[in-house]
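Participant: Need a 3D model of the sequence below.
(4 chains)
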4 protein chains.
Amino acid sequence: MASFNILRAAAAELYVTDLERSRHFYVDVLGFVETEKTKEALYLRGVEEFLHHSLVLRKGPRPALGAISFRLASADELPKAEAFFREKGLPFRWQEGDGVKGDSLLTVDPMGFPVEYFFEMAHVASELREFHHHRGGAPMRLDHFNLQVPDVEEAYRWYRQALGFRLSEYTETDDRPPRLWAAWLFRKPNVHDVALMQGPKTRLHHVGFWVPEPSRILAACDILAAAGHHHAIERGPGRHGISNAFFLYLRDPDGHRIEFYTGDYSTLDPDLPPRGWKLHDPRRQTYWGAPAPQSWFEEGTDILES
Amino acid sequence: MASFNILRAAAAELYVTDLERSRHFYVDVLGFVETEKTKEALYLRGVEEFLHHSLVLRKGPRPALGAISFRLASADELPKAEAFFREKGLPFRWQEGDGVKGDSLLTVDPMGFPVEYFFEMAHVASELREFHHHRGGAPMRLDHFNLQVPDVEEAYRWYRQALGFRLSEYTETDDRPPRLWAAWLFRKPNVHDVALMQGPKTRLHHVGFWVPEPSRILAACDILAAAGHHHAIERGPGRHGISNAFFLYLRDPDGHRIEFYTGDYSTLDPDLPPRGWKLHDPRRQTYWGAPAPQSWFEEGTDILES
Amino acid sequence: MASFNILRAAAAELYVTDLERSRHFYVDVLGFVETEKTKEALYLRGVEEFLHHSLVLRKGPRPALGAISFRLASADELPKAEAFFREKGLPFRWQEGDGVKGDSLLTVDPMGFPVEYFFEMAHVASELREFHHHRGGAPMRLDHFNLQVPDVEEAYRWYRQALGFRLSEYTETDDRPPRLWAAWLFRKPNVHDVALMQGPKTRLHHVGFWVPEPSRILAACDILAAAGHHHAIERGPGRHGISNAFFLYLRDPDGHRIEFYTGDYSTLDPDLPPRGWKLHDPRRQTYWGAPAPQSWFEEGTDILES
Amino acid sequence: MASFNILRAAAAELYVTDLERSRHFYVDVLGFVETEKTKEALYLRGVEEFLHHSLVLRKGPRPALGAISFRLASADELPKAEAFFREKGLPFRWQEGDGVKGDSLLTVDPMGFPVEYFFEMAHVASELREFHHHRGGAPMRLDHFNLQVPDVEEAYRWYRQALGFRLSEYTETDDRPPRLWAAWLFRKPNVHDVALMQGPKTRLHHVGFWVPEPSRILAACDILAAAGHHHAIERGPGRHGISNAFFLYLRDPDGHRIEFYTGDYSTLDPDLPPRGWKLHDPRRQTYWGAPAPQSWFEEGTDILES
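Facilitator: This is a model prediction of the structure:
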């Protein structure tokens, strides 16, 4: 049983080298909503979101992951989280509220990921029904993080046992006995808040955003190509076997990977049986059989060196 | 605070006068999956569902609502539900498990609705990825019930305070002060498990099923028309203002109303502000402005007389 | 046999009372491309079109039809058209080329419609692949005119015998013998360049524009509603029985009716049998069975009084 | 000027090794309509087509192209075609009408392709509006042939000058001066009836069929994968730069390549400027930038050895 109650994957902080270039890509082309822009950072959200931001692009000397953020179920969960990290002997520090976000706890998990927990965030108006303002893929909300780790079993135990995530799907190797190669884990009741995937090191693979429907993903591809950003399309569009979602993977101007994702299924029922896939089955990744390009496996976003 | 924990809207039981005719409509034309058929009843589910059924069509002398069913969060919640109904002095009786469904509690709520609570149900294989078997609208899962009541305030208090539902959206009259005319209430985190709507009497207005995307709703219309069932299309397709969902309303061969529904939004965040609409605003019902036909307001499914 | 060779329906000229208001509606909301704007007129085209315009909105004291224009197969057909109208004793006059459009022949047909014939028009760049500039419904090209006439048989003979149009579909009354109530006639090989429909007087019913696919029509509805123009949505979206096209009817700020239309079929084969429908069959208009609103039958655009 | 009038690309004859296996693939999975089946051949058509067939699968010892067929504008064009081939000194022979197809002329063109010309073919009922019978991609009609030839210039001159095709788009090499690498040529007024593409030998590259809209192509992919035919998906779905069409390439059980194709543009206007692309531009093939797989360039259907 987890000692504190995580509501959902909520925000990512990415370092980028040129804020204007990123603003053009995310806002003008992809259709993220710009909540606020300072000299140092750009605060973005999906068209559905009423919280201040789900994506922070921060000016930095090189591309990197700042932190991933989970929203807790209430403000009362924050001290419980602190007690939990203290008991585990893991690093953490408080970040004082700044008017946009309330007090939050910045931690480092056993795999080395910088993970922030918060509850309070300023409200803004949802743009959900402002269809005349929607552009590009009209991303609605942050859906999940995909994390690469050298030891999936270890990361799986952390998320499952320590943090109380449930398992929806998983990939196992063809070894006997099989080893866990990837896992899809959730708090909110769809396929995942976090996917863990075998990788050469601990790093962010991608951040997934929910989009309204497949036709909007096709429109995003057309728009990217017309605007000269066809190089940003890394994989897809296609249907995942795992999750059953329709997807598109993009690389932003700094190489950060974003997924447009839509149409998975409900995992609310506590007796939903997890679904296993074999690593050799090409349909697990793309149900239509197309293999992912090598870059998809080999490249990712490193954690900011502190 | 509710005394027992409801997971979600889970199943509806409707009386129909001709099982074969209903099977043709729901299975062959609309694309529901047939789990089981007996001389007395037809057990249907959506393509995503791994529980035995979400719609029971039972042979009867005239069209009627048998019961609406909610799934509880666990089997442990059943005795709590019993205690709750006993304490309230409301009618209830136990139904013994039959191999398909575990023990369940059949109750009558203060508005007079027959409401069943259960947790255990036999598992079957999900047809989610069996796209070559999908037909019609490929309904994925039961999403919600819409209930007409003469006193919306009373029903609202019951669902909100006694059963622990949260409010996502509501319609109020243009009176001063305004009166509550309709309310969208949820346990699972999308717009509703139950909508309450002002009506001439206590009856079922419709059962809503989630479909994959708007293009599937257009396909369902084409198929219905080609198969000679264009009279079944009562309203839509269109976009709701309330819920932002894309919708279609159908009348089955007995006049029961079914909604195909897709694309609302997440209500998971506890601080999501409920959204209010005025009764005179045509965009609340159909964002595109088209009024609902009179039949949509005036007709519904009566509760089975016992 | 026709005496001159008409290529296709090519342009419409409509008088509007407020050019800025019309520009906002057609360009910002619906997604027409603005080729040129003067104090007196706005020249619009679809995103696919490489000719200067297919829709001219001209400032006038009241809404009216200026003329409908057909493009001829070549410049050599213009003198043949002149000879034809001279021989028939019908009114015509030459309009001198103005740099945008070459010399053209403005005629009045036997029903009283002002009809222009031209071949030359200045080229501009097609916006077809400029997806990042597409807005609203992204209308691609003018597809057809729909004309109301008191005597459909007479108009049918004119278009069929005098002008060499072919018949794709028609509606006939339930009388014995049946009378022709509406006819779909074409020069270019899809369902129509001109539809003739029974009406109280000679007037323009609507101008139809081809859009890329049904999802774009749904997007246009969402955008219209969000921008406060839901009152502009008169009928649809839906599927026509006649033509099999997916459609939406809009009323512009002056009441002119525009159709977004997509997905009919090829009429190229000379032995394609025309398809007849009975007036009492609701699926002829909307395959899904929904009747058109009264305004759709009763209202239209009058011809400019000269 | 051509000496006889070709209406459009009309039918293809392919040799397959297992008729039942092919029937399952084309009819059950992809959604072609079966008009007739004999021990020796399967006659298929698209859902829109009212002629007996557009695809003949004939039993043979190995996969091969029998012939491609063009429909002439009328029966009167057949003797003109005979005179033309006689004058050119090219091989031809008459095939007597068989009740399904009228008399036809089987020729061999200068590149070595077996090409049939016909006009008369038996009518059958169009399934266009029978949406409840549509399956898979619901192919509507044959759209085009894509032919590989060692000398594109030669083939281009034949189609353009001898047969009277017009040019819509072309690819040229980066050489100075550039050489013609591929050409899209049409008789019916959309982008092509025939594409010519540089290849190692004279062979059929693919047959293209028009489908209703992109969402139907996505559905076809899902259905292919679910039915275990994901290996049949060779390339796409995606948007072509050339033609602007949305596409999917499939390989049938014998390796014949079929394209599902939708959403190009009108080429009716005689002054439409042909559009040129450079061979190094990845967006010409797939506007979104993804390269075609090697098999797409290297494999094709050989001509039946006689």
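Participant: mind checking how far residue A:102 is from chain D?
Facilitator: From residue A:102 across to chain D, the span is 42 Å (C-beta to the nearest C-beta, to the nearest Å). Every C-beta, even on glycine, is put in place using the N, C-alpha and C of the backbone.
Participant: remind me, longest strand of chain A?
Facilitator: strand A:6-16 (DSSP state E).
Participant: Please see if that strand touches chain B.
Facilitator: Yes: residues of strand A:6-16 contacting chain B under C-beta under 8 Å from any C-beta of the partner chain: A:7-8.
Participant: what does the next helix or strand after that strand contact?
Facilitator: Once strand A:6-16 ends, the next helix or strand along the chain (criterion: DSSP states H and E) is helix A:19-23. For helix A:19-23, the external contacting residues (C-beta atoms under 8 Å, 6 or more residues apart in numbering or on different chains) are A:16, A:34, A:37, A:41-42, A:57, A:59, A:252-254.
Participant: run the last query once more with 7 Å
Facilitator: A:16, A:34, A:37, A:42, A:57, A:59, A:252-253 (C-beta atoms under 7 Å, 6 or more residues apart in numbering or on different chains).
Participant: Rebuild these as JSON lines, extending it with neighbour count.
Facilitator: JSON lines is the format used below for the contacts of helix A:19-23 (neighbours: other C-beta atoms under 10 Å in any protein chain shown):
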{"residue": "A:16", "neighbour count": "26"}
{"residue": "A:34", "neighbour count": "14"}
{"residue": "A:37", "neighbour count": "15"}
{"residue": "A:42", "neighbour count": "24"}
{"residue": "A:57", "neighbour count": "28"}
{"residue": "A:59", "neighbour count": "15"}
{"residue": "A:252", "neighbour count": "21"}
{"residue": "A:253", "neighbour count": "17"}
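Participant: Tell me which residue of chain A lies closest to chain B.
Facilitator: Using C-beta to the nearest C-beta, the single residue of chain A nearest to chain B is residue A:213, 4.4 Å away.
Participant: tally of neighbours for that residue?
Facilitator: By other C-beta atoms under 10 Å in any protein chain shown, the residues close to residue A:213 number 23.
Participant: and if you look at residue A:24?
Facilitator: The local packing of residue A:24 (other C-beta under 10 Å) involves 15 other residues.
Participant: quick one, what contacts the residue of chain A closest to chain B?
Facilitator: A:262, B:213-214, B:263.
Participant: By mean pLDDT, flag the weakest helix or strand of chain A.
Facilitator: When the helices and strands of chain A are scored by mean pLDDT, DSSP states H and E, helix A:294-298 comes last with a mean of 95.
Participant: Determine if any part of that one is in contact with chain D.
Facilitator: No: against chain D, helix A:294-298 shows no contacts by C-beta under 7 Å from any C-beta of the partner chain, the least distance being 12.5 Å.
Participant: buried stuff in that helix?
Facilitator: Neighbour counts over helix A:294-298 (16 or more other C-beta atoms under 10 Å in any protein chain shown) mark residue A:296 as buried.
Participant: interface residues of the stretch 1-150 of chain A facing chain C?
Facilitator: Residues of the stretch 1-150 of chain A lying near chain C (C-beta under 7 Å from any C-beta): A:129-132.
Participant: Am I right that residue A:253 is in a helix?
Facilitator: No: counting by DSSP: H, G, I helix; E, B strand; the rest coil, residue A:253 is not part of a helix but coil.
Participant: Which residue, neighbours along the chain excluded, lies closest to it?
Facilitator: Nearest non-adjacent residue to residue A:253, counting by C-beta to C-beta, 6 or more residues apart in numbering or on different chains: residue A:21, 5.0 Å away.
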